[in-house]
Each structure stands twice: as structure tokens, then as C-alpha cells.
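S.K.: what's the 3D shape of this:
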Amino acid sequence: MSEPRIVKKYPNRRLYDTTLSRYITLEDVRHLVLDHNEFKVIDSKTDEDITRTILLQIIIEQEEDGQPMFTTEALEQIIRFYGDTLQGMITSYLEKSLKLFVEQQHRLRDRMQNAMVNDPFTVMRDITERNLMLWKEMQESFFRAAPSRRDRDAEAQDKAESTPKAKRKDERSGRGS
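M.R.: Have a look, this model is predicted:
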């Protein structure tokens with residue numbers, strides 16, 4: 001595997017493509033993404049990898065310029081997950097969901113090309129059934145990883161049973177601490 005293309009970001013906010021030896025725009029970086037080119041954006045002063053920041057800038061531009069992909073509600077939900085104990089799990093869930101969506105998109109395109117030869121309704125039914133099965137499997141996997149209410153109830157029951165009987169009796173009668 002080759003080394004990723006290096007784009008340097010200078011203090012004047014300009015991006016310099018070291019492979020092409022010229023300045024580029026955020027639109028050029030967007031095309032690197034669309035063309036599946038591997039790259040890194042490096043801050044010229046600190047040598048810090050700022051690729052994520054540049055990608056977020058591209059998303060912001062796309063959201064402002066065209067048909068937004070994220071609703072206000074979706075953005076609010078994403079913000080609420082930051083700092084939550086489930087943040088890592090949500091990140092994994094979103095990555096897998098997007099990967100699944102892209103795979104399904106490729107399959108759909110392939111099948112649509114074949115649909116000219118085959119019955120298009122059969123093709124669409126097969127795709128829908130496959131998507132439903134994959135989403136169900138992914139959700140089941142997600143929920144298996146999250147602690148269930150039954151697990152929390154069992155933990156609470158175990159805790160209650162480990163409390164001395166006299167203390168529980170006092171708590172029930174209202175004479176506890």
C-alpha cells in the first residue's frame with residue numbers, strides 16, 4: 001500500500017498538495033475523497049494531522065450549499081452522544097451503518113444494470129429482503145452489546161439481597177438513615 005498523499009495547511013488557511021506541488025481548494029480535497037484517494041492534511045506549523053477538521057469543513061460547506069443530509073434533529077442527537085458512555089459504541093454503529101449502506105448501494109447499482117434483463121420487481125424485492133435482514137442483524141448485535149434492563153434489574157436485586165435484613169426492614173418502615 002502506498003503512502004497517503006500529503007496536503008499541508010498553512011497559517012494563511014491555504015492548502016498545499018505536496019504531490020502536485022500547487023495550492024488546492026476544499027473542493028479539490030472533496031474530489032480526493034470522491035475519487036477514493038488516500039490523503040492526510042498536516043498543519044504546516046505543528047505537523048499535527050488535521051484531516052478530520054478539513055473533512056468536517058467540507059461537510060459544513062456541503063450542508064450549507066445544497067440539500068442538507070443532516071436534519072437539525074439528527075445533529076442534536078449526535079451532539080448529545082458526545083461525552084456519553086455509549087459514544088464509542090455509537091461511533092462504531094454509525095461507521096458500520098454507513099459501510100453497509102455503501103455496500104447496498106453498490107449491489108443495487110449492479111442489480112439495476114441486470115434488471116434490464118431480469119424482472120425489476122423481483123430484483124427490488126430481493127434487495128429489500130436482504131436489507132431488512134442485514135439491518136435486523138446489525139440492530140441485534142448493537143442491542144446485545146448494550147446492557148439490558150433485565151441485567152440492571154438483576155444487579156439491583158443482587159444488591160438488595162446483599163443488604164442486611166435489619167437494615168432493609170428499617171428502610172421499609174421509614175426508620176433508615
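S.K.: ok, which stretches of the protein are helices?
M.R.: 26-34, 51-65, 72-81, 87-115, 120-145, 149-162, 165-173 (DSSP state H).
S.K.: May I see the ones you listed organised as a markdown table, with distance to residue 16 and mean pLDDT added?
M.R.: The way it works is simple: take the backbone N, C-alpha and C, and place the C-beta from them, glycine included. Shown next, in a markdown table, are the helices of the chain (distance: least, CB to CB, whole Å; pLDDT from 0 to 100):
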| stretch | distance to residue 16 | mean pLDDT |
| --- | --- | --- |
| helix 26-34 | 11 | 96 |
| helix 51-65 | 13 | 93 |
| helix 72-81 | 31 | 91 |
| helix 87-115 | 30 | 85 |
| helix 120-145 | 41 | 80 |
| helix 149-162 | 53 | 69 |
| helix 165-173 | 69 | 56 |
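S.K.: Of those, which is nearest residue 6?
M.R.: Proximity of these to residue 6 was assessed by CB to CB; the nearest stretch is helix 51-65, lying at 10.4 Å.
S.K.: my read: residue 7 touches residue 43, true?
M.R.: No: using CB atoms under 8 Å, residue 7 makes no contact with residue 43, being 10.6 Å away.
S.K.: what domains does the record give for this structure?
M.R.: As assigned by automatic domain parsing, the chain contains the domains 5-69, 85-149.
S.K.: OK, contacts around the residue most central in space within the chain?
M.R.: Closest residue to the average C-alpha location of the chain: residue 94 at 2.7 Å, with CA atoms, centre = their mean. By CB atoms under 8 Å, 6 or more residues apart in numbering, residue 94 lies in contact with nothing.
S.K.: distance of it from residue 77?
M.R.: Distance of residue 94 to residue 77, computed by CB to CB, to the nearest Å: 11 Å.
S.K.: now swap in residue 92 and tell me
M.R.: Residue 92 is 16 Å from residue 77, by CB to CB.
S.K.: before we move on, back to that, neighbour-wise, which of residue 7 and residue 43 wins?
M.R.: Higher neighbour count among residue 7 and residue 43: residue 7, with 23 against 14, using other CB atoms under 10 Å.
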